[in-house]
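**Student:** Mind folding the following:
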Amino acid sequence: MKLKQILSGAAAAALLLWAGVANAALYNFTVSGDYSASWRLDSAPTPDKVSAGEGFVLWDVSGNFPGAVFGFVDLIFFHGGGGGGLQIEDFSGDKVLLSSDGAQLYTGAESQPVFKLGTFALSEFQGGRNYTLTIAAAVPEPATRGMLLGGLALVGAAARRRRA
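**Tutor:** Down below sits the predicted model:
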């Protein structure tokens, strides 16, 4: 009896280690229109640089950014009071790939932002180009599915044990 408890506890611990640490929800970002790009971020990222009342910056974000030298960029999300929107900069190539005005894309303080879900119209800062940014919840990661299956297995094992 003791051996079964130890083995089931060890199996549960191994399953949790295999499943990994639960992450904040991942969001898919897709820009379309006169420039196209896509990337994934946590729903509530930790900014690399904060300008209170102006926005925040995330450095070295990887994704699909045409024109980026190494495939990663710096993303600047602007506060609605300053015109809102987003800027995509290729620091390595020393160029701005997209600079736009539009809605504020996050809630909360710049030091603790939470992205909004939805579709947002953006327009080029002092220009005539238009873009659409879609922020959508991503499909759960394999680690999340593993934790769900492991939890269901433990509940099933507990129910089976009680019946016996």
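
**Student:** How about residues contacting stretch 60-76?
**Tutor:** Contact partners of stretch 60-76, identified using Cβ atoms under 8 Å, 6 or more residues apart in numbering, comprise 29, 35-41, 55-59, 86-93, 95, 97. For glycine as for every other residue, the C-beta is placed from the backbone atoms N, C-alpha and C.

**Student:** and if we set it to 10 Å?
**Tutor:** 28-31, 35-41, 45, 47-49, 51, 54-59, 85-99 (Cβ atoms under 10 Å, 6 or more residues apart in numbering).

**Student:** per-residue confidence for residue 82?
**Tutor:** Among the per-residue scores, residue 82 shows a pLDDT of 87.

**Student:** and it, what does it touch?
**Tutor:** Shown in contact with residue 82 (Cβ under 10 Å, 6+ apart): 51, 53, 54, 55, 101, 104.

**Student:** can we see that at 7 Å?
**Tutor:** Going by Cβ atoms under 7 Å, 6 or more residues apart in numbering, residue 82 touches 54, 55.

**Student:** In the longest strand along the chain, which residues are buried?
**Tutor:** Across the chain, the longest stretch assigned as strand under DSSP state E is strand 55-64. By neighbour count on 16 or more other Cβ atoms under 10 Å, the buried set for strand 55-64 is 55, 56, 57, 58, 61, 63.
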